[in-house]
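Visitor: Quick one, what's the 3D model for this:
(one chain, ligands or ions: 1)
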Amino acid sequence: MLSTDLSNVDSAEVVFDAIKNIKIDVLVNCAGFGIYGSFAENNWQQESSMLNLHIITITHLTKLVLQGMIERDRGKILNVSSLAAFQPGPMMALYYASKSYLLSFSEAIANELKDTGVSVTVLCPGPTKTCFQEVVSNTSSDNKISFNMACPKAVAAYGYKAMLKGKVVAIPGVFNKFLANLPRLLTRKRTTSIVRKIQEKNRTEPSNTCVFEKDVVLIKKNV
Ligand SMILES: NC(=O)c1ccc[n+]([C@@H]2O[C@H](COP(=O)([O-])OP(=O)(O)OC[C@H]3O[C@@H](n4cnc5c(N)ncnc54)[C@H](OP(=O)(O)O)[C@@H]3O)[C@@H](O)[C@H]2O)c1
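Guide: The predicted structure follows:
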């Protein structure tokens, strides 16, 4: 196992250097975290770490690993985005924006690669019972979601199956599929104000217990 902080801008190179002699058939870009609070007041160091992790590292690692996959005409990439990708998210503005980037980037390169043996899948889960909500709380406020919480194993299994099938956009759950399409039915302004209300309401909801198992961890932060 390799431990590295993927929010460092050169971390994709560090990881790739360590694995470059291995033929990579599957790349899963899953690491991520959220920051709650207004953009004007949030801490830039945390925010830039999140942007580096969600945007720079994932994009760079995908580019590095993709070369070998294209040469072998075989490979699968799974990028973990979020339901947050489908609309702006006041009070978690950069998190939503970075997940939108990941959705757009993944869909675009999936199209570029459609005549090759390499597929790109972007998984867009709704709220899932992991430690994510705890991390969001620790970053600034008391943000807790208790509604529509999915089981992480079911979400992971859904994403894995979608990746094997080569599905481009994978949204687990019927309600989440409906929510992802809701912005098409409303104005962007209306959608944005609904998200703000939900974010502010979540701040006052009671906490969920974080119970989950990590079966496979490929890359972890230094501790
Ligand atoms: N849970 C949700 O409600 C939800 C919904 C939609 C999308 N997602 C996305 O799902 C993905 C996985 O999150 P999760 O729900 O499983 O949350 P989680 O339980 O907090 O796990 C996050 C994972 O990312 C790793 N990570 C965070 N910052 C890192 C860094 N700088 N370098 C290396 N690793 C780092 C963490 O490593 P450590 O354990 O070492 O900190 C942990 O393994 C994220 O991209 C998240 O945005 C989650």
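
Visitor: Please make it C-alpha for all contacts and neighbour counts, starting now.
Guide: OK.

Visitor: Mind telling me what element residue 50 is part of?
Guide: Per DSSP states H and E: residue 50 is located in helix 44-51.

Visitor: and that helix with the ligand, contact?
Guide: No. If you take CA under 6 Å from any ligand atom as the test, helix 44-51 misses the ligand, and the best it gets is 7.0 Å.

Visitor: ok, now stretch 87-105?
Guide: No. Legend: contact between stretch 87-105 and the ligand by CA under 6 Å from any ligand atom is lacking; minimum distance shown is 7.5 Å.

Visitor: buried residues in that stretch?
Guide: Under the neighbour-count criterion of 16 or more other CA atoms under 10 Å, stretch 87-105 has 87-105 buried.

Visitor: do stretch 166-180 as well
Guide: 166-173, 176-177, 179-180.

Visitor: need the residues of the chain near the ligand, please.
Guide: Within the chain, the positions near the ligand by CA under 6 Å from any ligand atom are 5-7, 30-33, 80-82, 125-132, 135, 220-221.

Visitor: Cross those residues against helices and list the overlap.
Guide: Counting by DSSP state H, those place 132, 135 in helices.

Visitor: Show the buried residues in the residues of the chain next to the ligand.
Guide: 5-7, 31-33, 80-82, 125-130, 132.

Visitor: before we move on, the earlier item: from the buried residues of stretch 166-180, which land in strands?
Guide: 169-170 (DSSP state E).

Visitor: give me the beta-bridge partners of the closest residue to residue 70 other than its chain neighbours?
Guide: The shortest distance from residue 70 to any non-neighbouring residue, by CA to CA, 6 or more residues apart in numbering, is to residue 118 (6.7 Å). Note on residue 118: beta-bridge partners by DSSP bridges are residue 75.

Visitor: Surely residue 118 touches residue 68?
Guide: No. Counting by CA atoms under 8 Å, residue 118 does not reach residue 68; the two are 10.3 Å apart.

Visitor: Look at those two and report which has more neighbours.
Guide: Applying other CA atoms under 10 Å to residue 118 and residue 68 shows that residue 118 carries more neighbours, namely 22 against 17.

Visitor: picking up where we left off before, tell me which residues touch the residue nearest to residue 70, please.
Guide: Counting by CA atoms under 8 Å, 6 or more residues apart in numbering, residue 118 touches 69-70, 73-77.

Visitor: Please produce a markdown table containing the residues you listed, extended by neighbour count and pLDDT.
Guide: Formatted as a markdown table, these follow (neighbours: other CA atoms under 10 Å; pLDDT from 0 to 100):
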| residue | neighbour count | pLDDT |
| --- | --- | --- |
| 69 | 21 | 98 |
| 70 | 14 | 98 |
| 73 | 13 | 98 |
| 74 | 16 | 97 |
| 75 | 22 | 98 |
| 76 | 21 | 98 |
| 77 | 25 | 98 |
